[in-house]
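Participant: quick one, fold the following:
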Amino acid sequence: MGIFDKFKSHSKSKGKDMSDAAEQEINERTGGKYADKVDDAQQRAEGAMGMDRDRSDRPDRPDQP
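Facilitator: You can find the predicted model right below:
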């Protein structure tokens, strides 16, 4: 694994952490009222940035269709 592969891997990991933090903050501020819509938006944004992931790595969220 080259240095650029390591950077790319770290960047995606950091991006996912930031995405999760943003989702959590929004859900806290809205009282979870829009949790499904926020999760859907998060998935679409991550997909657009090439950060698709299996939802099974998030125990707080069930798999989405």
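Participant: CA atoms for contacts and neighbours, from now on please.
Facilitator: Fine.
Participant: break down this structure into its helices, ranges please.
Facilitator: With DSSP state H, the ranges of helices along the chain come out as 3-29, 35-48.
Participant: least reliable of those helices going by mean pLDDT?
Facilitator: The weakest mean pLDDT among those belongs to helix 3-29, with a mean of 81.
Participant: give the buried residues for that one.
Facilitator: Going by neighbour count (16 or more other C-alpha atoms under 10 Å), the buried part of helix 3-29 is 12, 16, 19, 23-24, 26-27.
Participant: and if you look at stretch 31-39?
Facilitator: In terms of neighbour count (16+ other C-alpha under 10 Å), stretch 31-39 has its buried residues at 35, 38-39.
Participant: for stretch 36-56, same thing?
Facilitator: Neighbour counts over stretch 36-56 (16+ other C-alpha under 10 Å) mark 38-39, 42-43, 46, 51 as buried.
Participant: please tabulate these in JSON lines, including the columns distance to Gly31.
Facilitator: Below are the buried residues of stretch 36-56 laid out as JSON lines (distance: C-alpha to C-alpha, whole Å):
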{"residue": "Val38", "distance to Gly31": "12"}
{"residue": "Asp39", "distance to Gly31": "14"}
{"residue": "Gln42", "distance to Gly31": "17"}
{"residue": "Gln43", "distance to Gly31": "20"}
{"residue": "Glu46", "distance to Gly31": "23"}
{"residue": "Met51", "distance to Gly31": "27"}
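Participant: farthest pair within the residues you listed?
Facilitator: Farthest-apart pair in the buried residues of stretch 36-56 is Val38 and Met51; separation 16.4 Å (C-alpha to C-alpha).
Participant: re the thing from before, need the max-distance pair from the buried residues of helix 3-29.
Facilitator: Within the buried residues of helix 3-29, Lys12 and Asn27 form the most distant pair, 22.3 Å apart (C-alpha to C-alpha).
Participant: nothing else from me, thank you.
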